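1. attaching a predicted model along with its sequence, questions to come.
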Number of protein chains: 2
Amino acid sequence: MNYREAGVDIERKAGALKAAASKIKETYTPEVLRGLGAFGGMLEVAWLKAMAEPVLVASTDGVGTKTLLAAQTGRYGGLGFDIVNHSVNDLLVQGARPLFFMDYIASARLEAEVLAQILASLAEACKAVGIPLLGGETAEMPGVYQEGGLDLVGTIVGVVDKAQVVDGSRVQPGDVLLALPSSGLHTNGYSLARKVFAGWNLEEPRPELGGQSLAEALLEPHRCYLNEVEILQREGLEIRAMAHITGGGVFENLPRVLPEGLGAEIRRGSFPIPPIFELIQRAGQVPEQEMYRVFNMGLGYILVLSPDVASKARQRLPQSYPVGYIMEGSGIRVV
Amino acid sequence: MNYREAGVDIERKAGALKAAASKIKETYTPEVLRGLGAFGGMLEVAWLKAMAEPVLVASTDGVGTKTLLAAQTGRYGGLGFDIVNHSVNDLLVQGARPLFFMDYIASARLEAEVLAQILASLAEACKAVGIPLLGGETAEMPGVYQEGGLDLVGTIVGVVDKAQVVDGSRVQPGDVLLALPSSGLHTNGYSLARKVFAGWNLEEPRPELGGQSLAEALLEPHRCYLNEVEILQREGLEIRAMAHITGGGVFENLPRVLPEGLGAEIRRGSFPIPPIFELIQRAGQVPEQEMYRVFNMGLGYILVLSPDVASKARQRLPQSYPVGYIMEGSGIRVV
């Protein structure tokens, strides 16, 4: 891990950073041959030879302007979960399992305490998913970043046997959309949310948020859907398509995994909308269509299943909601 | 490729971005199952099963403040080569070959023309190395980045058979350091270089730079050493260790690949120092030790070889220089 290249050698730093480094090492599985300090992290994948046709799957993403809210409130401890879980979900969509994670943290100036919080949360999130935080880079660039501005980017690599790739090709009209609930905004829509709540007290507990403060509700970490998907896979239940509802909401993310000529209808009232979205809509007078275009609205992850599989899946996943159907045509309608 | 998630859907954009998208597609080898538009890029690696013990190697890095110089001069076309070649070299050090590349481009606001230049150069650099640009992300974050500030980050993934891992364990006193020349600063030392040349005319041709302007000399793309290393590997010549000379110069990068108890001596005058370094040293009155700590000083990549192998390697690599020896002790000395 080339933190040293940016002049921040976390191995040599005392205190918080040293603790973060040992948390990173705790993520190392026996397959990790080299981690911190190497030019490249190394992961032995001999078991991959047991697959008929191994396919590597990779995704790069950032947490976006959620970092500004973290900076404003001094709470950086959820950001690692945000980027790791976001990335894991992106892989899941194609039926892949995560192998390892790489991070990038950059700012005008990185305080050791902030860096330690982020690294520790990255390590904890990786550990929760069972993958090593194999490498990363840290950079201080005063001319590029604003004072207090920070970017957190991650790349995840996973693997899937080619015959197990989920590609949406078997999706049919009448298939059920089974939604797994989000924990809140996840990592999208923060530019709009920050605009709506500019000048609000972020730390005051709010009854309309069930006693949570805005800071707590807005910084709620991105949920990971690995467990739910694995439950269905273990039961041998066929998943025809999956969509991770990120930037662009259901309107943009669901069509990405549907075949040409198919769309979907989502029923209002069939799923709980977390109160933070209702507050944003009310406070910002944001039209409903716009809300669904910017936010996940509680629909964190959508499984497309045959009606028969859907009813079995609901029993296995009590926290899931049938929210609509696949229809002939194109586009997504909220009805 | 989730450019769309940031609201920049390069598939739908006209002109320069469309051209860049088709250049990205040109990097796709037949093994690429999904690229642009997918939640995750997919690469079939069935051939990997032929390896006895496949090991994945990954590295994440950024180009640092070289982007500021690109912005200042409007020349973004080398940045893709910088990050791709830097990353390839980091993998090479461990004996790995690159499999694919992922990029991340972020700024306060991304002009289509700038984004197109960077994407095209990333694609060209990947094509030159023979790997797909499998995915990436683009983000616009006005609150995080300064106006005109831009970050370019890349993650590379490669593979090596475990028995072929180059780990420095066979390095011995008396082994020869064979250096491959750099093309200039590569991607390190730009904060110091920009400080030294603040207020200078960047576009004026300079006799001390062989007629190049400062902009040309400073933006010279990072060299890739894949071909040179492959030549030695094909001949079956044993490479005992390799170091990519990046941030921290020879003092910090060479020790990373040497066993405990061994150091090295580098001889002044045994290799050409590119004129840009001499100009920085003179103009900034930078002490020599500092120069070697911040810059590669012309030593782009160092191979550690037995004396016998070194003389064979020199014949195969006419553009290489024996610059010193491995010694008992620790640390690197320039003598």
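-> Done, it's in.
2. show me the contacts for A:Gly300.
-> Taking C-beta atoms under 8 Å, 6 or more residues apart in numbering or on different chains, we find A:Gly300 in contact with A:Asn89, A:Ala179, A:Leu180, A:Pro181, A:Ser182, A:Ser183, A:His186, A:Arg223, A:Tyr225, A:His244, A:Ile245. Using the backbone N, CA and C atoms, a C-beta is placed for each residue, glycine as well.
3. for the last one, give me the pLDDT.
-> Pointing back at A:Ile245 there. With respect to pLDDT, A:Ile245 scores 97.
4. how about the strands in the stretch 101-250 of chain A?
-> A:133-140, A:150-161, A:176-181, A:241-244 (DSSP state E, counting those that start in this stretch).
5. for chain B, which of those strands is the nearest?
-> Chain B sits nearest to strand A:150-161 of all the strands of the stretch 101-250 of chain A, at 3.9 Å, using C-beta to the nearest C-beta.
6. quick one: that closest one to strand A:133-140, angle?
-> Interaxial angle, strand A:150-161 versus strand A:133-140 (axes from the mean of the first three to the mean of the last three C-alpha atoms, to 10 degrees): 160 degrees.
7. please see if strand A:150-161 touches chain B.
-> Yes. For strand A:150-161 and chain B, the contact criterion (C-beta under 8 Å from any C-beta of the partner chain) is met by A:Leu150, A:Asp151, A:Val153, A:Thr155, A:Ile156, A:Val157, A:Gly158, A:Val160.
8. which one of those is nearest B:Ile280?
-> Proximity of these to B:Ile280 (C-beta to C-beta) peaks at A:Asp151, which lies at 28.8 Å.
9. beta partners for the closest one?
-> Counting by DSSP bridges, A:Asp151 is bridged to A:Ala106.
10. surely it meets A:Glu140?
-> No. Counting by C-beta atoms under 8 Å, A:Asp151 stays clear of A:Glu140, with 11.8 Å between them.
11. between these two, who's got more neighbours?
-> Ranked by neighbour count (other C-beta atoms under 10 Å in any protein chain shown), A:Asp151 and A:Glu140 place A:Asp151 first, with 26 against 19.
12. next up, the contacts around that one.
-> Contacts of A:Asp151 (C-beta under 8 Å, 6+ apart): A:62, A:67, A:104-107, A:145, B:106, B:139, B:141, B:144-145, B:151.
13. now do the same for A:Gly324: helix, strand or coil?
-> strand (DSSP: H, G, I helix; E, B strand; the rest coil).
14. near chain B, which residues of the stretch 201-335 of chain A are found?
-> Near chain B, when you scan the stretch 201-335 of chain A using C-beta under 8 Å from any C-beta, you find A:His244, A:Thr246, A:Gly247, A:Gly248, A:Glu252, A:Arg256, A:Val257.
15. hmm, which of the residues of strand A:150-161 next to chain B are the buried ones?
-> Buried members of those, scored by 16 or more other C-beta atoms under 10 Å in any protein chain shown, are A:Leu150, A:Asp151, A:Val153, A:Thr155, A:Ile156, A:Val157, A:Gly158, A:Val160.
16. could you dump those residues to JSON lines with pLDDT and distance to A:Leu279?
-> JSON lines is the format used below for those (pLDDT from 0 to 100; distance: C-beta to C-beta, whole Å):
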{"residue": "A:Leu150", "pLDDT": "96", "distance to A:Leu279": "26"}
{"residue": "A:Asp151", "pLDDT": "97", "distance to A:Leu279": "27"}
{"residue": "A:Val153", "pLDDT": "98", "distance to A:Leu279": "29"}
{"residue": "A:Thr155", "pLDDT": "98", "distance to A:Leu279": "34"}
{"residue": "A:Ile156", "pLDDT": "98", "distance to A:Leu279": "32"}
{"residue": "A:Val157", "pLDDT": "98", "distance to A:Leu279": "37"}
{"residue": "A:Gly158", "pLDDT": "97", "distance to A:Leu279": "35"}
{"residue": "A:Val160", "pLDDT": "96", "distance to A:Leu279": "39"}
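17. closest one to B:Ile24 out of these, please.
-> Using C-beta to C-beta, those come closest to B:Ile24 at A:Thr155, 16.9 Å.
18. measure the closest one to B:Glu140 for me?
-> A:Thr155 sits 20 Å away from B:Glu140, taking C-beta to C-beta, to the nearest Å as the criterion.
19. can you check A:Ser169 too?
-> Using C-beta to C-beta, A:Ser169 is found at 34 Å from B:Glu140.
20. hang on, the earlier thing: out of the contacts of A:Asp151, flag the one nearest to A:Ala125.
-> Closest to A:Ala125 out of the contacts of A:Asp151 is A:Ile105 (13.8 Å), distances taken as C-beta to C-beta.
21. got a list of what the closest one touches?
-> A:Leu115, A:Ile118, A:Leu119, A:Gly136, A:Glu137, A:Thr138, A:Ala139, A:Leu150, A:Asp151, A:Leu152, A:Val153.
22. give me the pLDDT for the residue most central in space within chain A.
-> Centroid-nearest residue in chain A: A:His86, 1.4 Å away (criterion: C-alpha atoms, centre = their mean). Reported pLDDT at A:His86 in the predicted model: 98.
23. SS state for it?
-> Following three-state DSSP, the label given to A:His86 is helix.
24. that one contacts A:Thr187, doesn't it?
-> Yes. Counting by C-beta under 8 Å, A:His86 touches A:Thr187, with 5.2 Å between them.
25. between those two, which contacts overlap?
-> Residues touching both A:His86 and A:Thr187 (C-beta under 8 Å, 6+ apart): A:Asp61, A:Val63, A:His222, A:Thr246.
26. poorly predicted segments of chain A, please.
-> Along chain A, segments meeting pLDDT under 70 span A:1-14.
27. of the residues of the stretch 201-335 of chain A next to chain B, which is the most crowded?
-> A:His244 (26 neighbours).
28. follow-up on the earlier one: now the buried members of the contacts of A:Asp151.
-> Of those, these count as buried by 16+ other C-beta under 10 Å: A:62, A:67, A:104-107, A:145, B:106, B:139, B:141, B:144-145, B:151.
29. still on that earlier bit, nearest to A:Glu230, of the contacts of A:Asp151?
-> Among those, and counting by C-beta to C-beta, the member closest to A:Glu230 is A:Gly62, at 26.3 Å.
30. now do the same contact list for the nearest residue to A:Val166 once chain neighbours are set aside.
-> Once flanking residues are discounted, A:Val166 sits nearest to A:Gly95: 3.8 Å by C-beta to C-beta, 6 or more residues apart in numbering or on different chains. Residues in contact with A:Gly95 (C-beta under 8 Å, 6+ apart) are A:Val160, A:Gln164, A:Val165, A:Val166, A:Ile239, A:Met242.
31. just A:Glu124 next, same as before
-> With C-beta under 8 Å, 6+ apart, A:Glu124 has these contacts: A:Lys23, A:Gly80, A:Phe81.
32. count of neighbours near the residue lying closest to the second one once chain neighbours are set aside?
-> Spatial nearest neighbour of A:Gly80, chain neighbours left out: A:Ser121 (2.9 Å); criterion: C-beta to C-beta, 6+ apart. The burial count assigned to A:Ser121 is 23, neighbours taken as other C-beta under 10 Å.
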